[in-house]
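In: quick one: sequence plus predicted model below, questions after.
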Amino acid sequence: MIRVRSLDHFVLRVRDLEASLHFYRDLLGLAVEHEDAYRQGTRPFVSLRVGDQLLDLVPDSTSDPSTGSGFLHFCVTIEGPLAPVVRRLRELGVSLLHDEPIARDGARGEGLSIYAQDPDGYVVELKEH
């Protein structure tokens, strides 16, 4: 059985990064991470700390939240290694968006993860804790 441990992060497309930073950082008081790397062009998004989790903001001037296009994916950490989880998902016929897990950054640092689709097509990232 796959055991989800916690929410790691979720990702939103935002039309105006500065307006979003004003809302999340200045009004809600969330701490910004990786803003310098984003401004230097070495990272495609800015992260904000929400407790132990992250909210990633991906600038996209074409995003229209009213159509649901603003939501990219959410990530959960799992207990144990990812390889048996991937095998089980394949056995169950779950759609995976790439063949093998790859290392990605998250709220608790880098770890192996894989993107899967739920029955409605939403993307769920499953990541080793």
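Out: Yep, it's here. Since the model is a prediction, treat every value here as computed from it, not as a measurement.
In: now do the buried residues in the host helix or strand of residue 115.
Out: Residue 115 is part of strand 111-117 when elements are defined by DSSP states H and E. The neighbour-count check on strand 111-117 (16 or more other CB atoms under 10 Å) flags 111-116 as buried. Using the backbone N, CA and C atoms, a C-beta is placed for each residue, glycine as well.
In: quick one: which of these is nearest residue 64?
Out: residue 115 (22.5 Å; CB to CB).
In: could you pull up phi and psi at the closest residue to the closest one other than its chain neighbours?
Out: The shortest distance from residue 115 to any residue other than its chain neighbours is 3.9 Å, reached at residue 97 (CB to CB, 6 or more residues apart in numbering). Main-chain dihedrals, residue 97, degrees, to the nearest 10: phi -90, psi -10.
In: let me see the contact set for residue 97.
Out: 114-117, 123 (CB atoms under 8 Å, 6 or more residues apart in numbering).
In: now the helix or strand hosting residue 88: buried residues?
Out: According to DSSP H and E, residue 88 maps onto helix 83-91. Of all the residues in helix 83-91, those buried under the rule 16+ other CB under 10 Å are 85-86, 89.
In: okay, these in a markdown table with distance to residue 78 and pLDDT next?
Out: Output for the buried residues of helix 83-91, formatted as a markdown table (distance: CB to CB, whole Å; pLDDT from 0 to 100):
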| residue | distance to residue 78 | pLDDT |
| --- | --- | --- |
| 85 | 6 | 91 |
| 86 | 10 | 94 |
| 89 | 11 | 91 |
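In: and those residues as a markdown table, adding distance to residue 59?
Out: Below are the buried residues of helix 83-91 laid out as a markdown table (distance: CB to CB, whole Å):
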| residue | distance to residue 59 |
| --- | --- |
| 85 | 32 |
| 86 | 31 |
| 89 | 31 |
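In: look at the residue lying closest to residue 14 once chain neighbours are set aside and say how many residues are nearby.
Out: Take residue 14 and drop its neighbours on the chain: the residue closest to it by CB to CB, 6+ apart is residue 20, 4.2 Å away. Neighbourhood size, residue 20 [other CB atoms under 10 Å]: 18.
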